[in-house]
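Chemist: 3D model of this:
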Amino acid sequence: MTRTPRVRRMLGIVAVAATAVALTACGTSDSTATPAAIDGGGLGTAAKHVKITMMSNDAFAQAWQAQLVPEFNKKYPYIDVTIDSTPYDDLLAKGMLNGTDPDPQYDLITLDDPWAPQLANAGVLLDLKKAASSWTEKGYDWADFNSAPLAASEWKGGQYGVPLRSNMLLMFYNKSLYQKAGLAEPTPELTWKQYLAEAPKLVQDTNGDGKPDSWAVGLTWQKGVLSPPFWQAVLNSNGGALFGDDMKPTFDTKAGIAALQTQIDLLKYAPPGATAYNYTEPLDAFRQGKVATIFTWGSAYKSAAVDPAVTKLTPDEVGIQTMPAGSAGPSTHRGIWSGSVFKNSKHPQAAWTFLQWMTDKEGEKWITNNLGSFPARKSTLASTPQQAWLAPVFTTLQSAYDVAAKGRMWRVRDVQSNAIQQILADQTSAAVMGDTSSSDALKKASQQIRDLLKE
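Modeler: Numbering: from 1, shown residues only. The predicted model follows:
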């Protein structure tokens, strides 16, 4: 497996940190936790405030600090919260190191979807349903969460986080470009076979100069962690899975090959140079009316359809739904940011209080309506949002959560998830770039993963 120097460095840090955890913290039960974890450290007083710090993805840390924390302090004025903006590539390794530090800098961490097993298995996170139950408000309704986003921070029967910023891989489509092509707007019943049959008509000359200036599709084709979820979603929609219950790869099949080939075939109907598309490039093309559909993370909808500073489109012009269906139903893919409390926090009660405020029924609605973060609760999605553009988003999100839960449409749930994801990215990207066939790529990825899991 080829890794960049940065990736090798980060994986090395994680490995060292995990070893330290195994020697100092793994197996630590809540009954042997530090005194702070037992009494909670309190919620502060007017004379003595409690200070807590969260390490968070730099994509939203600043907005949380500026807008969310002041709102929280209206109810909890004696808890001072600092949101530390941390680059995505550093979060997991930094969290591992903080979790074993006898004098930790952080009380909280935001976790990307596949990370909970690694940190929970290392014993550095607090089980919120068990260890934090005495600090949990009576009205905090666990059952109100949709199962798919809540499961992102579950591990071996423990609940090590709560969904803070939910996301799903969805389909956006330009209604005007569909109309120009003489095609009906997509519906959730649209299949991948039908979509591929319609795609040639969506490659259009919209200005009459005889040359195509608008294409059918944009998505992440460039090698990276955002590339594998697309073909996995296609695989899942046809009833396939990455792994069996025994954690042996099950994607090196006809269904897996066909799913990867779908990602490759869509390049025929994409703008020139689309093999270099990562996350922002297809989004920019969609905003400018250069592609009729994109398959991207739902949280991009506001910038694609609402914000006039970055898009030419309006909510009336942009549809949103789950991705096309396979033999088992529609497709999607889960991407959840969860909030977790470090077990070695000196103020776990205040830390959990902050997460509760963000994710209870009232707090989640406030954050959704004021910051645009996607909710995870059924009650929020069943409510009428303050901003009209969120209404179709709510409907699609609820559908996507249901689809994901049914088809287990998420990344690998294993302590080796990062390394496995890197293998999938490397090998499937080789097929996308034409360096190998879909079948050979998946065969090689399957063998490398089997070798990795034997180590």
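Chemist: Would you mind listing where this protein has pLDDT under the threshold?
Modeler: Scanning the chain for pLDDT under 70 picks out 1-38.
Chemist: and the spatially most central residue of the chain, what does it touch?
Modeler: The centroid of the chain falls nearest to G335 when counting by C-alpha atoms, centre = their mean (1.9 Å). Taking C-beta atoms under 8 Å, 6 or more residues apart in numbering, we find G335 in contact with 112-113, 167-169, 229, 297. (Each C-beta comes from the backbone N, C-alpha and C, glycine too.)
Chemist: Apart from its neighbours in sequence, what residue is nearest it?
Modeler: N167 (4.0 Å; C-beta to C-beta, 6 or more residues apart in numbering).
Chemist: List phi and psi for the one you found.
Modeler: phi -160, psi 150 (degrees, to the nearest 10).
Chemist: Would you agree it is in contact with T296?
Modeler: No - contact criterion C-beta atoms under 8 Å: N167 and T296 do not qualify, at 10.0 Å.
Chemist: Which residue ranges of the stretch 1-150 of the chain form strands?
Modeler: 50-57, 79-86, 108-111 (DSSP state E, counting those that start in this stretch).
Chemist: Mind putting those into a markdown table with distance to L183 and mean neighbour count?
Modeler: Listed next are these as a markdown table, based on distance: least, C-beta to C-beta, whole Å; neighbours: other C-beta atoms under 10 Å:
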| stretch | distance to L183 | mean neighbour count |
| --- | --- | --- |
| strand 50-57 | 38 | 21 |
| strand 79-86 | 43 | 18 |
| strand 108-111 | 40 | 26 |
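Chemist: got those strands as JSON lines, with distance to S438 columns?
Modeler: Shown next, in JSON lines, are the strands of the stretch 1-150 of the chain (distance: least, C-beta to C-beta, whole Å):
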{"stretch": "strand 50-57", "distance to S438": "32"}
{"stretch": "strand 79-86", "distance to S438": "36"}
{"stretch": "strand 108-111", "distance to S438": "32"}
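Chemist: one step back: and the residue nearest to the centre of the chain, its phi and psi?
Modeler: Dihedral angles for G335 - degrees, to the nearest 10 - are phi -140, psi 100.
Chemist: Look up how far W410 lies from it.
Modeler: 8 Å (C-beta to C-beta, to the nearest Å).
Chemist: and if you look at Q422?
Modeler: Distance, Q422 to W410, using C-beta to C-beta: 17 Å.
Chemist: What's opposite V217 in the beta bridge?
Modeler: T293 (DSSP bridges).
Chemist: coming back round to it: give the full set of residues in contact with the residue nearest to G335.
Modeler: With the criterion set at C-beta under 8 Å, 6+ apart, N167 makes contact with 297-299, 334-337, 374.
Chemist: Any chance of a markdown table for the residues you listed, columns distance to D316 and secondary structure?
Modeler: A markdown table is the format used below for these (distance: C-beta to C-beta, whole Å; DSSP: H, G, I helix; E, B strand; the rest coil):
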| residue | distance to D316 | secondary structure |
| --- | --- | --- |
| W297 | 22 | strand |
| G298 | 18 | helix |
| S299 | 20 | helix |
| R334 | 29 | strand |
| G335 | 27 | coil |
| I336 | 29 | coil |
| W337 | 29 | strand |
| F374 | 21 | strand |
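Chemist: Which one's more surrounded, Q422 and W410?
Modeler: Just comparing Q422 and W410: by other C-beta atoms under 10 Å the higher neighbour count belongs to W410, 25 against 22.
Chemist: Now do Q179 against L91, distance only.
Modeler: In this view, Q179 and L91 are 43 Å apart by C-beta to C-beta.
Chemist: okay, and the common contacts of G335 and W410?
Modeler: With C-beta under 8 Å, 6+ apart as the test, G335 and W410 both reach D113.
Chemist: for the closest residue to N73 other than its chain neighbours, what are its contacts?
Modeler: Closest residue to N73 apart from its sequence neighbours, by C-beta to C-beta, 6+ apart: I79 at 7.3 Å. Counting by C-beta under 8 Å, 6+ apart, I79 touches 43-44, 49-52, 72-73, 350, 353-354.
Chemist: same thing but at 10 Å, please
Modeler: 42-44, 49-52, 69, 72-73, 347, 349-351, 353-354, 357 (C-beta atoms under 10 Å, 6 or more residues apart in numbering).
Chemist: How is the protein partitioned into domains?
Modeler: When the chain is parsed with automatic domain parsing, its domains come out as 5-167+335-383, 169-333+411-454.
Chemist: What distance separates the opening and closing residues of the shortest one?
Modeler: By that I understand domain 169-333+411-454. Taking C-alpha to C-alpha, to the nearest Å, domain 169-333+411-454 runs 31 Å from one end to the other.
Chemist: Equivalent analysis for stretch 407-415, please.
Modeler: 21 Å.
Chemist: can you offset everything so residue one is 47?
Modeler: With 47 as the first residue, the last one maps to stretch 453-461.
Chemist: All the helices of the stretch 47-196 of the chain, in order from the start?
Modeler: Using DSSP state H, counting those that start in this stretch, the helices of the stretch 47-196 of the chain run over residues 51-70, 81-85, 107-109, 115-121, 134-145, 162-167, 193-196.
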